[in-house]
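Student: Output the structure for:
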Amino acid sequence: MAFKHWLAAARPRTLPLAAASALCGGVLAALNQQSNPPVLVLCMITAVALQIFSNFANDYGDACNGADSCLRKGPKRMVSSGNISRNAMKRGLTVSALICCLCGLALLAAALPSIGMGGLHNWMLWLLLGAAAITAAFSYTAGKKPYGYIGLGDLSVMVFFGWVGVLGSEYLQTGRLNAWSWLPATALGLWCAMVLNINNMRDIDSDAAAGKTTVAVRLGLRRAKLYHTALLAAAGLMWWGWLPQYFNAAAAGRLNAFLLAASFIHLYFLKKAQSCTQLDKLLPQWSITILLWVLFLWAHV
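Tutor: Residues are numbered from 1 along each chain as shown. Down below sits the predicted model:
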């Protein structure tokens with residue numbers, strides 16, 4: 001079976017989000033002078049592995065539940081197209097889940113002793129959190145009752161890309177959570193939920209036909225765009241409130257300028273986007289913008 005089909009199923013254009021989530025936690029740790037580069041790299045590897053597993057599960061689950069019908073206008077899915085069989089994807093999911101577990105174990109082995117939390121109870125807590133992440137990634141569209149089909153995908157992205165991804169990365173490097181960290185973690189989670197919303201606006205017709213009741217399906221395209229704008233505005237206010245706490249006026253000014261420019265450019269293209277193709281182009285653009293923002297933060301640490 002061609003490697004290109006597995007690469008397509010991994011959906012590389014979504015992977016910047018996973019990297020950005022872990023890197024944002026690294027920014028928070030560095031701002032508190034407690035950065036741990038090896039742990040940060042392992043956080044990124046684990047996050048990307050989980051995202052690939054989630055994408056495999058999404059490809060498999062939507063094929064099984066009928067969301068990948070001929071009505072769907074997004075990139076071709078590998079299971080529904082027949083390029084990867086269901087049984088092969090099941091095996092791929094098993095291998096991918098094992099890789100996630102190995103990455104997570106390596107991360108905990110490196111991080112917990114370094115922050116003085118190598119006890120069994122700490123290991124159990126983080127192992128349960130990892131199991132929850134894998135379960136959430138799989139049951140988004142796969143399984144008997146996928147929660148993505150009842151409109152809870154946005155909330156899950158907010159929790160796992162924002163709070164778990166960002167705050168978890170910070171905690172595994174510093175051994176503590178800063179109260180101010182909830183602002184950037186929530187803001188990044190809202191931005192990542194915007195990526196899912198773009199995906200769901202693009203697939204609004206095929207999802208509705210398949211009974212996949214996403215937030216976009218519930219709202220309709222016009223109101224889904226308003227919801228999208230509200231997510232962007234809420235995240236922007238959180239970044240705006242957080243930046244002065246850690247950056248001087250000059251740095252905060254540059255960062256705010258980037259923030260405003262990226263936000264207004266995105267809203268401009270969102271307003272213009274009417275077709276599925278136009279909406280689809282916004283997905284990688286916004287994913288890369290999120291990663292660039294986190295890298296721009298790093299440049300000012």
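Student: C-alpha from now on. contacts and neighbour counts both.
Tutor: OK.
Student: buried sites along the helix or strand of the chain with the lowest mean pLDDT?
Tutor: Lowest on mean pLDDT, DSSP states H and E among the helices and strands of the chain sits helix 78-81, with a mean of 86. Using 16 or more other Cα atoms under 10 Å as the test for burial, helix 78-81 gives 78-80.
Student: same question, stretch 232-248
Tutor: Residues of stretch 232-248 classed as buried by neighbour count (16+ other Cα under 10 Å): 232-233, 235-236, 238-240, 242-243, 247.
Student: re earlier: quick check: which helices or strands does the least confident helix or strand of the chain pack against?
Tutor: helix 3-10, helix 37-65 (3 or more Cα pairs under 8 Å, 6 or more residues apart in numbering; DSSP states H and E).
Student: Would you tell me which one of the ones you listed is buried the most?
Tutor: Using mean count of other Cα atoms under 10 Å, the stretch among the helices and strands packed on helix 78-81 with the greatest mean number of neighbours is helix 37-65 (a mean of 23).
Student: Give me the angle between that helix and helix 3-10.
Tutor: Put simply, helix 37-65 runs at 90 degrees to helix 3-10, going by axes from the mean of the first three to the mean of the last three Cα atoms, to 10 degrees.
Student: model confidence over helix 37-65, on average?
Tutor: Per-residue pLDDT over helix 37-65 has a mean of 93.
Student: quick one: low-confidence ranges for the stretch 1-150 of the chain?
Tutor: Scanning the stretch 1-150 of the chain for pLDDT under 70 picks out 1, 66-74.
Student: Could you give the separation of the least confident helix or strand of the chain from the chain centroid?
Tutor: Relative to the centre of its chain, helix 78-81 is centred 23 Å away, using Cα atoms, centre = their mean, to the nearest Å.
Student: can you list contacts of it?
Tutor: 5-6, 8-9, 59-60, 63, 68-69, 84-86, 89 (Cα atoms under 8 Å, 6 or more residues apart in numbering).
Student: any chance of these in TSV, plus distance to L28?
Tutor: What follows is the contacts of helix 78-81, written out as TSV (distance: Cα to Cα, whole Å):
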residue	distance to L28
H5	37
W6	34
A8	33
A9	32
D59	33
Y60	36
A63	39
D68	39
S69	42
I84	40
S85	42
R86	41
M89	37
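Student: Quick check: what element follows the helix or strand containing Y227 along the chain?
Tutor: Assigning secondary structure by DSSP states H and E places Y227 in helix 221-246. The C-terminal neighbour of helix 221-246 among helices and strands, as given by DSSP H and E, is helix 249-272.
Student: Just the terminal-to-terminal distance for stretch 26-37.
Tutor: 8 Å (Cα to Cα, to the nearest Å).
Student: Check stretch 134-151 too.
Tutor: Start-to-end span of stretch 134-151 (Cα to Cα) is 19 Å.
Student: Report the distance from that stretch to the chain centre.
Tutor: Once both centres are worked out by Cα atoms, centre = their mean, stretch 134-151 turns out to sit 15 Å from its chain's centre.
Student: now do stretch 276-284
Tutor: 17 Å.
Student: leaving aside the residues next to it on the chain, what's closest to L107?
Tutor: Counting by Cα to Cα, 6 or more residues apart in numbering, L107 lies nearest to L42, which is 5.4 Å off, once chain neighbours are set aside.
Student: Next: I45.
Tutor: Nearest one to I45, counting by Cα to Cα, 6+ apart, is C103 at 7.0 Å.
Student: by how many degrees do the host helix or strand of that neighbour and helix 3-10 diverge?
Tutor: Assigned by DSSP H and E, C103 belongs to helix 86-114. With the same axes, to 10 degrees defining the directions, helix 86-114 sits at 60 degrees from helix 3-10.
Student: how many other residues sit next to the residue nearest to I45?
Tutor: The number of residues packed around C103, counting by other Cα atoms under 10 Å, is 20.
Student: Please tell me how far it sits from T135.
Tutor: To T135, C103 is 16 Å away according to Cα to Cα.
Student: Ok, A22 next?
Tutor: 19 Å.
Student: Compare those two and say which one has the larger neighbour count.
Tutor: Shown here are A22 and T135; by other Cα under 10 Å, A22 has more neighbours (29 against 13).
Student: hang on, isn't L196 packed against L152?
Tutor: No: with contact defined as Cα atoms under 8 Å, L196 does not count as touching L152 (11.1 Å).
Student: higher neighbour count, these two?
Tutor: Ranked by neighbour count (other Cα under 10 Å), L196 and L152 place L196 first, with 20 against 15.
Student: which ones are touching the nearest residue to the more buried one once chain neighbours are set aside?
Tutor: Nearest non-adjacent residue to L196, counting by Cα to Cα, 6+ apart: D154, 6.8 Å away. By Cα under 8 Å, 6+ apart, D154 lies in contact with 193, 196-197, 215.
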